[in-house]
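[1] fold the following for me, if possible:
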Amino acid sequence: METAATAPVIAGCFPDPSVCRVGEDYYLANSSMEYAPAVPIWHSRDLVSWRQIGNALDRDEQVPAGRSTASRGVYAPTLRHHQGRFWLVTTDIDDPRGGHLLYSATEAAGPWSDPVHLGGLDGIDPDLAWDEDGTCLLTYCSWNEQQIGIRQVAIDPGTGEVLEAPRWIWHGTGLGNPEGPHLYRRGDWWHLVIAEGGTDRGHVVSVARSRSPRGPFEAAPHNPVFTHRSTRHPVQNVGHADLVERSDGTWAAVHLGVRPRGRTPRYHVNGRETFLAEIAWTDEWPQFTPSDAKLAPARWSFSEDFTAPRLAPRWVSPGLRPDQCARLVPGGVRLEPAASTSGEPSGLFFRAAGNRWEADITLEPGQSNLTAAVRIDGRHWYGIRVKGDVAEAVSHVGEVEAVVGACPLPSAAVTFRFRSVDATKEGPDDVELGIVDASGFTALARLDGRYLSTEVAGGFTGRMIGLWTEAGSALVKGIEFTELPE
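    Numbers count the residues shown, from 1 in each chain. Below you'll find the predicted structure:
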């Protein structure tokens, strides 16, 4: 059985976790980048087993869908609970006004409010904290031509009014990219936890503290307080941590990490995932230890026949939201062509989870102009495209697209199968594409998984599995995802 020391508590492309506790319940939010609806929201009673309960930003009034290209869009949120209300602050880096966006809700599952725009502020990764007087402090990553670091400003969360001039409070330890700040009070100390080193192999967690939330802050003498850089630990890039106190007085942290595999430079394919660490306090400084909590097997397997009254929160799209291009009908979900301003496809997608998996997409017969794919972005995907009565296996890497296999479509309902299997070369895995019919599985292609990795594609996301149509509608009867043993 896997443990949280080497496997994520939330698998798949769910980066930049932010967590808060209300009584015995924990709630967590992640970045969503270009995918809509945005900012997935989770619930747990133990910080180990999580269930997605919604997506906070599910209306165009909150953030317009379909305008962000790959790895842009909605960046790292902070989720907090204060005086009976949930608060969520994030940055849409494609908002032409700049600044940060603040939302609130009485329940974490939503509905969430329209945004309050915090204008006149630069940067990303905003955090919320309230001081002893009840003043709301926004702490965020900022930069100009001379410096990059952490700034802070008092705001009115109800109106978005900025109440003072922003001030620098810490520039980190000297490593690159000081970002992802979170501010907490513990006893007489205020702790400022940040990420440094960039969200790659050099990623670390650093901490400073002060008697006042406004500083001045002194750095921990043993910074960075948490990192796996320059080690062979199977979880790399750890950082962007958010701490939470349990009801029994112990502390924990959620943080992002990746699971690289294969030969140098080693390749991660699921994007940045959410991991759990335990926190001990020594001399009033946090000490991180990866959690050894046991994780249930096949936690992310699911079977979807689309008979529920609404789409589950797992369904997202890099273009328009699924509810803008798909509708539930008797027998499944019907996809319609829908163009987004970003040029990204609008359809039904979910985040791949697990190192080995199998995904089946079953379609009504007679489909046309439909593509099902495993993708990192619009330039890196492997898929099966329906052209007339033929299914073509397509490899799209960079500027090169090639048909690498084909077979006639059966006249009955057809199932496209995608599998992540053991690598035959030096990559993280191979991706197998094929057709399932009455005679069994027919492979159309087996392709090197390196080209669907972040190390090749770049950016901040991971593999998604889904489908879209460019002309005419398509009826999807069901989708099944199965984690396979390694």
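[2] use CA for all of it now, contacts and neighbours both
    Noted.
[3] got the end-to-end distance for stretch 450-458?
    Start-to-end span of stretch 450-458 (CA to CA, to the nearest Å) is 12 Å.
[4] tell me the mean pLDDT over it?
    Stretch 450-458 comes out with an average pLDDT of 98.
[5] ranges for the helices of the chain?
    Secondary structure of the chain (DSSP state H): helices located at 454-457.
[6] for the closest residue to Thr424 other than its chain neighbours, list each beta-bridge partner.
    Distances taken as CA to CA, 6 or more residues apart in numbering place Asp430 nearest to Thr424, at 6.9 Å, with adjacent residues excluded. Beta-bridge partners of Asp430, counted by DSSP bridges, are Val421, Asp448.
[7] what's the answer for the one 4 residues further on, then?
    For Gly434, the residues forming beta bridges with it (DSSP bridges) are Arg417, Ala443.
[8] ok, the residue lying closest to Trp285 once chain neighbours are set aside - contacts?
    Spatial nearest neighbour of Trp285, chain neighbours left out: Ala220 (7.1 Å); criterion: CA to CA, 6+ apart. Ala220 makes contacts with 206-209, 285, as judged by CA atoms under 8 Å, 6 or more residues apart in numbering.
[9] among these, who's most crowded?
    Highest neighbour count within the contacts of Ala220, by other CA atoms under 10 Å: Ser206, with 28 neighbours.
[10] so who does that one touch?
    By CA under 8 Å, 6+ apart, the contact set of Ser206 is 172-173, 193-196, 220, 223-226.
[11] what does Leu348 give?
    So Leu348 contacts 315-317, 322, 326, 466-468 (CA under 8 Å, 6+ apart).
[12] gap between it and Leu175?
    Relative to Leu175, Leu348 is positioned 40 Å away (CA to CA).
[13] next one: Ala308
    Distance, Ala308 to Leu175, by CA to CA: 49 Å.
[14] more crowded one of the two?
    Leu175 (16 against 10).
[15] burial count for the residue nearest to that one when sequence neighbours are not counted?
    In space, and not counting its chain neighbours, Leu175 is closest to Gly197: 5.4 Å by CA to CA, 6+ apart. Residues near Gly197, counting by other CA under 10 Å, number 22.
[16] make 41 the first number, not 1, from now on.
    Yes, from this point I'll number from 41; that puts the last item at Gly237.
[17] contact partners for Arg486?
    With CA under 8 Å, 6+ apart, Arg486 has these contacts: 470-473.
[18] out of the residues you listed, which comes closest to Leu178?
    The closest of the contacts of Arg486 to Leu178 turns out to be Val471 (CA to CA; 43.7 Å).
[19] surely that closest one and Val461 touch.
    Yes: taking contacts as CA atoms under 8 Å, Val471 lies within contact range of Val461: 6.4 Å.
[20] the two: which has the busier surroundings?
    Val471 (25 against 19).
[21] how close does the more buried one sit to His420?
    Distance of Val471 to His420, given as CA to CA: 13 Å.
[22] on that earlier part again, drop anything exposed from the contacts of Ser246.
    Buried members of the contacts of Ser246, counted by 16 or more other CA atoms under 10 Å: 212-213, 233-236, 260, 264-266.
[23] I'd like those as TSV, with pLDDT and distance to Gly489 appended.
    TSV is the format used below for these (pLDDT from 0 to 100; distance: CA to CA, whole Å):
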residue	pLDDT	distance to Gly489
Gly212	98	37
Thr213	98	37
Val233	98	35
Ile234	98	33
Ala235	98	29
Glu236	98	29
Ala260	98	41
Pro264	98	33
Val265	98	34
Phe266	98	30
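[24] wait, which of these is closest to Ala47?
    Within those, the smallest distance to Ala47 is 17.0 Å, found for Phe266 (CA to CA).
[25] can you tell me the closest non-neighbouring residue to that closest one?
    Setting aside the residues directly before and after it, Phe266 is nearest to Val245 in space (CA to CA, 6+ apart), at 5.1 Å.
[26] what's the answer for Arg125, then?
    Thr146 (5.1 Å).
[27] check contacts around that neighbour.
    Thr146 is in contact with 124-126, counting by CA under 8 Å, 6+ apart.
[28] now this protein, which segments are flagged as low pLDDT?
    In the predicted model, the chain carries no residue with pLDDT under 70.
[29] ok, back up a step: of the contacts of Ser246, which is the nearest to Ser71?
    Using CA to CA, the contacts of Ser246 come closest to Ser71 at Ala235, 15.2 Å.
[30] beta partners for the closest one?
    Glu219, Val245.
[31] go ahead and confirm it touches Val245.
    Yes: here Ala235 reaches Val245: they are 4.8 Å apart, a contact under CA under 8 Å.
[32] list the residues that contact both of these two?
    279-281.
[33] whichever of those end up buried, select them in ChimeraX.
    Per 16+ other CA under 10 Å, the buried members of these correspond to this ChimeraX selection:
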select :279,280,281
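[34] distance check, the residue nearest to Trp325 against Ser246.
    8 Å.
[35] one more: Ser460?
    From Ser460 across to Ser246, the span is 36 Å (CA to CA).
[36] and what of Trp170?
    Counting by CA to CA, the gap from Trp170 to Ser246 is 22 Å.
[37] next one: Pro57
    16 Å.
[38] same check, this time on Pro405
    Distance, Pro405 to Ser246, by CA to CA: 55 Å.
[39] likewise for Gln364?
    42 Å.
[40] next one: Thr271
    Distance from Thr271 to Ser246, by CA to CA: 18 Å.
[41] now Pro370
    Where Ser246 is concerned, Pro370 sits at a distance of 53 Å (CA to CA).
[42] same deal with Asp288?
    25 Å.
[43] for Ala446, same thing?
    Per CA to CA, Ala446 is found 52 Å from Ser246.
[44] now swap in Pro221 and tell me
    In this structure, Pro221 and Ser246 are 10 Å apart, going by CA to CA.
[45] need the overlap of contacts for these two.
    Here Pro221 and Ser246 share the contacting residues 233-235, scored by CA under 8 Å, 6+ apart.
[46] ok, now which ones touch the residue nearest to Leu215?
    Counting by CA under 8 Å, 6+ apart, Gly237 has contacts 215-218, 243-244.
[47] same question for Gly63.
    Ser287.
[48] at 10 Å what do you get?
    85, 286-287 (CA atoms under 10 Å, 6 or more residues apart in numbering).
[49] wait, which of those is closest to Pro155?
    Closest to Pro155 out of the contacts of Gly63 is Arg85 (28.6 Å), distances taken as CA to CA.
[50] tally of neighbours for that closest one?
    Arg85 has 14 neighbouring residues, counting by other CA under 10 Å.
[51] please apply the same query to the one 3 residues further on.
    Burial of Val88, expressed as a neighbour count using other CA under 10 Å, amounts to 18.
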